[in-house]
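Novice: heads up, no residue letters with this:
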Ligand SMILES: Cc1ncc(C[n+]2csc(CCOP(=O)(O)OP(=O)(O)O)c2C)c(N)n1
Ligand SMILES: Cc1ncc(C[n+]2csc(CCOP(=O)(O)OP(=O)(O)O)c2C)c(N)n1
Ligand SMILES: [Mg+2]
Ligand SMILES: [Mg+2]
């Protein structure tokens, strides 16, 4: 045949829980009430922590930090589908998911106060530290997937998170390709929040969806309402199950929105309209989830108040603890540069300590 | 709608001239007899030059070089659709196309004898030198496309060439994305020759076609028989016309085959079967084109003999000229490192010349 | 004459060059509508539109690679890499193409472009926002690497970089983007690349620095001069590569002593090359080892510890005194 | 005891380590079925299968990035970059992640991996196949950069690199892949990273080199010793970073003179750091400037001119004599 057709390639978009908190019964992933409440709590904890961090920053008690407001469903929904033994390979816009993974609330405070100690991740060893260099974490996820395969670790997967802008990086493409060739158990989860700092989607890419980028790699792909925690959960559940079954990687585009500043150093009034933000406010992931819980009669104002109070206390305790005067070892960077003792490093440590002492005493 | 469909995305594959030299009338791009002969000549010149270069290499008269045998249609067909004012941004597997662009036959001899002089490209100023770092030329093509747009150069496009393996590089992806966002007049032409040195397609990518990679960028894309010069011409013609019309970039996958070694340093018996090669030998681009010309009654053995002789003489003359004893300026590299005079460079030049003299005289 | 800080001076240079030459354009992440995360490109979008003030997609290698193509095509792109910590992604394109095209084509194709990037520590930023890796660029042949140390220098050197026929890496010490203002004349000043500048003549010792460290060094020296009356020759290196060996050597021949203050890490930081140059051209004049101070061979710590690691005023002062006392 | 050339020795080390440790694997372009374009990984595919001898897709950054993930996940990848001229594409991953993960995670996550790459000129290859850019890696904190100069050293250092807990860049001087054979003992030898090796003691002058240049230097020295009777101390640097300052300084303290022969370009090549170390630790013992010879600050020419630019025997000899005569 001189002319023939390649394809057609089709993808699905779905939403489980709409903006009013109504569920699509056919798509209901069937979480138990307990699980639903766990997921809800994770989103609220993320939101409250985010707000607290922002306040601390505005008061000068923290340095520059990214704000996650409005994107709670995307990472929490995904983590809901993960086990502790799965790997979480994220960027910096997954606060809810990270806390849900067991990271302490103090961690982000330490990090955003300029302390590597916030990456010690002891409570969650398979959660990688935040990656600042965009998309650089994605190939790592694929390598981890390979190690799972090689070690024949049963029922273990990797979920890696990144933004819409990050899909423009070469590392995204290379990692997607490696993953599909190697058939590794990796879930690629893109939080498409419409913006990369001031750059809107239409300047970022010419394609209508990010999900369709997976067609290049023959990778199962789906686009979901990213403010719908159940849709994200469902898509991740299915992707992880495929991964566990040895069927390789999957791609998920979670369509959400960055409701606040990119980081505290950013001023969105320079580049976007309020009404866009207002429109998205109506799609808030927490509001709709709460409405759903109410409709299900497993939630009410009283419980909400109790939860909020509990969470705020938890955060307040973390803040208090974090702000206890502590001495951070000045020469700690020398301890972790190499895994072997290196003469030059020890010589430099001595030089550092001498100077440090003199600087402190103004000597 | 909680569930909806994205896509479908469909692509076309086409062939104009089949392996027997029969043309599909509906798809005939309608080249004049003169044009057909020009295209045929370009392929034969490419083939004969390629063979000659290979022989020179085997005799130790040239260094390592890539062999283009069997891939003549892909670059010649494309160049047939180009004007001199279009930019040619290639790799190293487009010998036919480069010669057709007006590069001298001596150029490749100089290059593969280790002389930058072979890149002087005086005869064809809008042909970029061969790019060895795979995919690194592709973003350049996009930048050239941008400059065309900015300068409002009418009816000017860029055609950039690369292999199947090169599409795994991040630079390929980033360039495709930039091109689609910027809507620049660029044609991306992938010579899918099934191999990247010893790496077969199925280890290179999980997708069935390379053409479908363009879906990620919402870019018009087509797969064609890359051993069919008319199909390549037709696809390039259409893509260039879109570019001229301001409709942005296009992608073409030309399915061909690397019939010989990757480079003269390569030994394909290590990794591939003879019968695969034998199968592809039947799809030879020159054989079928000649058959077609024969059927059209514009070609015969006599003309063929004359053409071959003419071309061989031309090549022989080029070899002779190239092998004339010539002195290549020893310190030429110092002339072109910067566009301004730099003290340190001139100091080093003096040091070099002094040493060079002593080395030569064994001083 | 206007008193500008460095960001304003850079912004001014871009405005001036874009007004003068249609082929100049700026490109990079958030450089358009937003005017750059540090506002270096503020107002260019409004003045020159989105085609000459391009908000690119998020991909450093392509920013570099397409800029090369633009330059070959006759434009003069001034690309921004948002932070130098992301510039390692351009090394492939920079080395393979920007740095080589003139040599490869024997002068037929040239790549006049500028890559601007904020570098260095001191602004309480996140990881990857504080390093000083000028060595990567300075070791790349065929590329010029420039670092201004004041608003006026920034404006003139950036103009010099834009007009230069070669690819120029223009590293901006973000710590002093807004640290101070300086008179910047209304008339055009075109900085000469490849030349160091003697900021202050002296006979006792040569002190060499650049970028933000020069600013700090200047302050340290003031105290020393006032308190102890030393005669210090202060050199602003300005161009890391090609390095101005003559100015360095001549000064050291005069003073016999030298201290280099860099923000870069120790091993193969620019100070190593300065020392090598002194070795080559002025060794026999040295009365003491050249002292180099800077970041240690570590990952730059997150900001809580950052200032303990970047050379402090005290450390600079001590280094100078120790070298004088040697 | 077997007489092996360098490629065979490297191949042997890989075989040995893969036999001993299941978590070791090789990966890269054409390293599997084909056994590598230089045959360094020959036979591994047959012995250990495609999962531990991975023909990767064609993408250097992903080779580096996935290797980092594998290492975090408990494997020990030995990645090959086909030629060092394509390794600039890994700088992003190397600096952002391999080099930083231990520091970033305060030791919780480590990245024990090796990146092998042939480097250097002399084999009549195409553009980008002849450079010596060890500086890029040596200037990257947290990474070790190793260059063997003989078959036996290659085998033991590669084993040392594979067992090292840190990311190691292992640069292989392709010019001497097959240039000569050396006895390689049957028993295991684990090279110590970070140490230079005194190949030959002497009192008149210290000569420092590494990789293929060491091989050439050795020959130049033989002639000099025989013809002129000089007592030359020859040091194989072996590890470019972290550099063995003690061995360098001690030797120069003894000899008072030093020549460094590198294949790298001049500006910020490793010789600059060697000179800086001598300045720091042994300046007052110097009786002549340290002489550094190597590639000029140019794009390495295509192969017709290559040998005119790589330090020749004569140039090495002259440098030593000039320094002795100073
Ligand atoms: C490689 C790299 N380039 C640039 C930056 C600077 N930067 C930080 S966040 C950001 C935008 C990211 O957009 P996106 O991927 O959509 O994630 P989002 O911030 O929206 O979650 C940029 C450009 C970076 N961190 N890394
Ligand atoms: C960035 C880069 N990596 C590796 C190489 C080494 N190399 C040269 S050609 C080649 C295979 C290229 O395959 P493909 O893109 O399919 O082109 P083909 O040779 O088949 O025409 C490789 C790996 C290179 N030149 N550049
Ligand atoms: Mg985003
Ligand atoms: Mg190919």
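Specialist: Arrived safely, thanks for sending. Here the structure is a predicted model, which means the values were calculated and not measured. Ligands and ions are numbered 1, 2, ... in the order given.

Novice: Next secondary structure element downstream of the one helix or strand residue C:234 maps to?
Specialist: Assigned by DSSP states H and E, residue C:234 falls within strand C:232-236. On the C-terminal side of strand C:232-236, the closest following helix or strand by DSSP H and E is strand C:239-241.

Novice: what's the neighbour count on residue 257?
Specialist: Looking at chain A here, since you left the chain open. Neighbourhood size, residue A:257 [other Cβ atoms under 10 Å in any protein chain shown]: 23. For every residue, glycine as well, the C-beta is placed using N, CA and C.

Novice: looking at chain C here, not the other one
Specialist: 24.

Novice: Looks like it contacts residue C:323 (just checking).
Specialist: Yes - the criterion here is Cβ atoms under 8 Å, and residue C:257 meets it with residue C:323 at 5.1 Å.

Novice: near ligand 1, which residues of the stretch 151-300 of chain C show up?
Specialist: Within the stretch 151-300 of chain C, no position lies close to ligand 1 (Cβ under 6 Å from any ligand atom).

Novice: so who does the closest residue to ligand 3 within the stretch 151-300 of chain C touch?
Specialist: Distances between the stretch 151-300 of chain C and ligand 3 by Cβ to the ion are smallest at residue C:174, namely 23.5 Å. By Cβ atoms under 8 Å, 6 or more residues apart in numbering or on different chains, the residues touching residue C:174 are C:38, C:118-120, C:122-123, C:212.

Novice: Quick one: these as TSV, columns for distance to residue B:25 and neighbour count too.
Specialist: Output for the contacts of residue C:174, formatted as TSV (distance: Cβ to Cβ, whole Å; neighbours: other Cβ atoms under 10 Å in any protein chain shown):
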residue	distance to residue B:25	neighbour count
C:38	62	22
C:118	62	25
C:119	63	27
C:120	67	28
C:122	72	18
C:123	69	18
C:212	71	26
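
Novice: Residue C:110: which of these is nearest?
Specialist: Residue C:110 lies nearest to residue C:119 out of the contacts of residue C:174, by Cβ to Cβ, at 25.9 Å.

Novice: Let me see the contact set for residue 66.
Specialist: I went with chain A, as the question did not name one. By Cβ under 8 Å, 6+ apart, the contact set of residue A:66 is A:92-93, A:262-263.

Novice: wrong one, I was asking about chain C
Specialist: Applying Cβ under 8 Å, 6+ apart, the residues near residue C:66 are B:139-140, B:142-143, B:146, B:175, B:178, C:27, C:56.

Novice: does chain B sit close to stretch C:137-151?
Specialist: Yes - using Cβ under 8 Å from any Cβ of the partner chain, stretch C:137-151 reaches chain B at C:141-142, C:144.

Novice: Surely residue C:59 touches residue A:167?
Specialist: No - the pair residue C:59 / residue A:167 is not scored as a contact, 9.6 Å apart, by Cβ under 8 Å.

Novice: could you measure residue A:354 against ligand 2, distance?
Specialist: 46 Å (Cβ to the nearest ligand atom, to the nearest Å).

Novice: Give me the contact status of the one helix or strand that residue maps to with chain C.
Specialist: If you go by DSSP H and E, residue A:354 is part of helix A:343-360. Yes - under the criterion of Cβ under 8 Å from any Cβ, chain C is reached by helix A:343-360 at A:344-345, A:348-349, A:351-352, A:355-356, A:358-359.
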